[in-house]
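In: predicted model follows, preceded by the sequence.
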Amino acid sequence: METLTVNIVDFNSTHYKAFEALNSAWIEKYFYLEPIDKEVLTKPDQYIFAHGGTIIMAEVDGIPVGTVALKRVNQQCFEMTKMAVDENYQGLKIGWKLGKAILAKAKEMGATKVILYSNRILVPAITMYHKLGFIEVPLEDSGYARSDIKMEIDV
C-alpha cells in the first residue's frame, strides 16, 4: 500500500455522521451499543462539547477514517473516549497519531491528567495506550458495562 497522508483535524459540522459510524462499527463488532453510547454518539454537542471537551478526526484524502474525543471530568482531568479507526485503515498508526494529538490537545486545554476506560480483549488498543505512557489504575464504575480496565497518564 502506498504511503497515506493522514491529517489530524478538529471536529467540524461535516463530521457528525463519521464520528457516530466509526465508533458504532467497532463497538458493535466486539460488544453492543449501550444506551450511553447512543447518547454520546448522536449528541456529542451535549456530552462532549458542552462540558468543555473536544473531538479530533483523522482524515485521508478528506475522508474521516478515525476519531477520538476528550471529555472533561474536572478542571485538570479529561477522559480520552470514543477512539475509533476505520477497519480498512487499521495497522497504519492512525490510532497512535490520534492518541499523540489528543494528549497534546489535553495539555493545551489545561489538563494535568487524562484517563480512559477500555476492555482487555482490545489488545492492540491496550498495547498502544501503554506505549503512549498510560498506566493501569484501579477501576471504578465508568458507566459502561464493557469497561474492565482504567488507565491514566499525567500530561
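Out: Great, that's in hand.

In: can you pull out the helices in this protein?
Out: Ranges of helices within the chain are 16-30, 35-42, 44-47, 94-108, 123-132, based on DSSP state H.

In: didn't residue 20 look like it was pressed against residue 41?
Out: Yes. In this structure, residue 20 is within contact of residue 41 by C-beta atoms under 8 Å, at 4.3 Å. For every residue, glycine as well, the C-beta is placed using N, CA and C.

In: mind checking how far residue 30 is from residue 6?
Out: To residue 6, residue 30 is 24 Å away according to C-beta to C-beta, to the nearest Å.

In: what's around the closest residue to residue 139 other than its chain neighbours, how many residues?
Out: The shortest distance from residue 139 to any non-neighbouring residue, by C-beta to C-beta, 6 or more residues apart in numbering, is to residue 150 (4.4 Å). By the criterion of other C-beta atoms under 10 Å, residue 150 has 17 neighbours.

In: residue 150: what's it in contact with?
Out: By C-beta atoms under 8 Å, 6 or more residues apart in numbering, the residues touching residue 150 are 115, 116, 117, 136, 137, 138, 139, 140, 142.

In: and the first one, how many neighbours does it have?
Out: Neighbourhood size, residue 115 [other C-beta under 10 Å]: 19.

In: burial measure for residue 3, as a count.
Out: Counted with other C-beta under 10 Å, residues neighbouring residue 3 total 6.

In: report the central residue of this protein.
Out: residue 83 (2.5 Å; C-alpha atoms, centre = their mean).

In: ok, now how distant is the residue nearest to residue 139 from residue 11?
Out: Residue 150 is 25 Å from residue 11, by C-beta to C-beta.

In: identify the residue spatially nearest to residue 85, adjacent ones excluded.
Out: Using C-beta to C-beta, 6+ apart and skipping residues adjacent in sequence, the residue nearest residue 85 is residue 66, 4.1 Å away.

In: from residue 3, how far out is the one you found?
Out: Going from residue 66 to residue 3 by C-beta to C-beta gives 17 Å.

In: again, but for residue 103
Out: 24 Å.

In: ok, residue 106 next?
Out: When distance is defined by C-beta to C-beta, residue 106 is 28 Å away from residue 3.

In: show me what the residue nearest to residue 139 is bridged to.
Out: Using DSSP bridges, the beta-bridge partners of residue 150 come out as residue 117, residue 137.
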